[in-house]
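Colleague: Kindly return the folded structure for what I paste below:
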Amino acid sequence: MIKKRIKRREYKSVEQFEADVRLMCENARKYNDDGSRIFNDAVAILVSTQLSAILDSLLIRLCRMSLEVWRRLRRLEVIANSKAAGVN
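Modeller: Model (predicted):
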């Protein structure tokens, strides 16, 4: 199903694709024995997608924090340059 939807370009967003992958993994866990290769692979995919989401969130926070630090440093630089030039 997922492969067909990719080939047909049916996914309009990453979230739609992720939802199908999550459903596939949940079904793999539901209908296969705990500890089987398929069950374990499904768990690994779910864990890696959750970890990826966490890392994405952390990266976004880091970028926002870096931008704020850059803005503050830029303001301080402008103030220092104004004082050095004798402008108040």
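Colleague: Show me the residue at the heart of the chain, geometrically.
Modeller: Closest to where the C-alpha atoms of the chain average out (CA atoms, centre = their mean) is Asp56, at 2.9 Å.
Colleague: got a pLDDT number for that one?
Modeller: Looking at Asp56, its pLDDT reads 82.
Colleague: Could I get the contacting residues of it?
Modeller: Not one residue lies near Asp56 by CB atoms under 8 Å, 6 or more residues apart in numbering. Just so you know, the C-beta spots here come from the backbone N, C-alpha and C atoms, and that holds for glycine as well.
Colleague: Could you give the backbone dihedrals for it?
Modeller: phi -60, psi -40 (degrees, to the nearest 10).
Colleague: and if you look at Tyr11?
Modeller: Torsion angles, degrees, to the nearest 10, at Tyr11: phi -70, psi 120.
Colleague: Now it: closest residue in space that isn't a chain neighbour?
Modeller: Excluding the flanking residues, the one nearest Tyr11 by CB to CB, 6 or more residues apart in numbering is Phe17, at 4.7 Å.
Colleague: burial of that neighbour, as a residue count?
Modeller: For Phe17, the neighbour count with other CB atoms under 10 Å is 15.
Colleague: Output the contacting helices and strands for the helix or strand where it lies.
Modeller: Assigned by DSSP states H and E, Phe17 falls within helix 14-31. If you count contacts as 3 or more CB pairs under 8 Å, 6 or more residues apart in numbering; DSSP states H and E, helix 14-31 packs onto helix 2-7, helix 37-84.
Colleague: Perfect, that will be all.
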